[in-house]
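Engineer: What would the 3D arrangement of this be:
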Amino acid sequence: MIDPPREGVKEAVETCRRAGIKTVMITGDHIATAKAIAKELGILKGTDIAITGEQLDRIDEEKFSKEIMNYSVFARVSPEHKVKIVKAFQANGKIVAMTGDGVNDAPALKMADIGVSMGKGGTDVAKSASDMILSDDNFVTIAEAVKTGRHILDNIKKAIHFLLATNIGEIVVIFVRVITRIRITTTCTTPIMD
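Structural biologist: Numbering: from 1, shown residues only. You can find the predicted model right below:
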């Protein structure tokens with residue numbers, strides 16, 4: 001029996017990686033299953049580490065925060081582990097988006113910078129704890145949303161640069177005009193005696 005990954009997820013993970021986004025798998029599945037799926041999707045690569053919740057309990061929180069970027073797969077985890085993982089990424093200055101659909105995901109969804117719950121299969125608790133609800137329950141949608149958001153941000157920056165560049169010229173002209181008018185006014189107000 002196998003529950004294959006959805007179509008386009010592998011490509012979405014690669015798109016996220018190229019965009020500087022680290023995709024991490026947090027699951028209740030057995031570690032062997034999680035590692036196999038993560039390798040297939042390109043989440044677990046090279047020197048990345050897979051860890052279980054039991055192993056996570058034995059790691060000091062400070063050490064874990066320092067080494068968090070080495071981990072890509074977390075298996076057999078509890079809701080407390082999920083919160084610990086989110087906090088560790090945040091302690092490293094990372095912006096964390098957490099996805100989830102169950103009651104056990106709610107604390108981590110609330111703790112994350114952006115909590116994303118599933119609209120179709122998500123519980124009401126997960127939906128109320130999240131900041132955003134995916135209507136199609138598909139990771140590909142998140143990658144597309146990030147891509148669109150970055151495109152919009154880039155356009156806003158370009159518009160601001162354009163406005164500043166054109167308006168600075170206008171400001172200089174007006175400033176020069178005001179300065180010269182003040183000089184003209186001060187020189188003209190002096191009475192001329194015959």
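
Engineer: need the helices for this structure, in chain order.
Structural biologist: 9-18, 31-41, 53-57, 61-67, 79-91, 106-111, 124-129, 139-188 (DSSP state H).

Engineer: most neighbours per residue, which of these?
Structural biologist: Compared across those, helix 106-111 shows the largest average neighbour count, a mean of 22 (mean count of other CB atoms under 10 Å). Where you see a C-beta, it was placed from the backbone N, CA and C, and this is true even at glycine.

Engineer: And that one, what does it pack against?
Structural biologist: Applying 3 or more CB pairs under 8 Å, 6 or more residues apart in numbering; DSSP states H and E, one finds that helix 106-111 makes contact with helix 79-91, strand 97-100, strand 114-118, helix 124-129.

Engineer: got the contact list for the first one?
Structural biologist: With CB atoms under 8 Å, 6 or more residues apart in numbering as the test, helix 79-91 has contacts from 24, 26, 53, 56-57, 61, 64-65, 68, 74, 77, 96, 98, 100, 104-108, 111-113.

Engineer: ditto for the last one
Structural biologist: In this structure, residues lying in contact with helix 124-129 by CB under 8 Å, 6+ apart are 100-103, 105-107, 109-110, 115, 117-119, 133.

Engineer: and those, which are buried?
Structural biologist: Among the contacts of helix 124-129, the ones that count as buried by 16 or more other CB atoms under 10 Å are 100-102, 105-107, 109-110, 115, 117-118, 133.

Engineer: relative orientation of the helix or strand of the chain with the lowest mean pLDDT and helix 9-18 in degrees?
Structural biologist: In the chain, no helix or strand scores lower on mean pLDDT, DSSP states H and E than helix 139-188, which sits at a mean of 84. In terms of direction (axes from the mean of the first three to the mean of the last three CA atoms, to 10 degrees), helix 139-188 departs from helix 9-18 by 30 degrees.

Engineer: just checking, what packs against helix 139-188?
Structural biologist: Counting by 3+ CB pairs under 8 Å, 6+ apart, the packing neighbours recorded for helix 139-188 are helix 9-18, strand 97-100.

Engineer: counting contacts, what elements does the last one pack onto?
Structural biologist: I take that to be strand 97-100. Packing partners of strand 97-100 (3+ CB pairs under 8 Å, 6+ apart): helix 79-91, helix 106-111, strand 114-118, helix 139-188.

Engineer: Could you dump these into JSON lines and include distance to residue 129?
Structural biologist: Shown next, in JSON lines, are these (distance: least, CB to CB, whole Å):
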{"stretch": "helix 79-91", "distance to residue 129": "11"}
{"stretch": "helix 106-111", "distance to residue 129": "4"}
{"stretch": "strand 114-118", "distance to residue 129": "6"}
{"stretch": "helix 139-188", "distance to residue 129": "17"}
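
Engineer: Which among those is found nearest to residue 19?
Structural biologist: With CB to CB as the criterion, residue 19 lies closest to helix 139-188 of the helices and strands packed on strand 97-100, at 6.6 Å.
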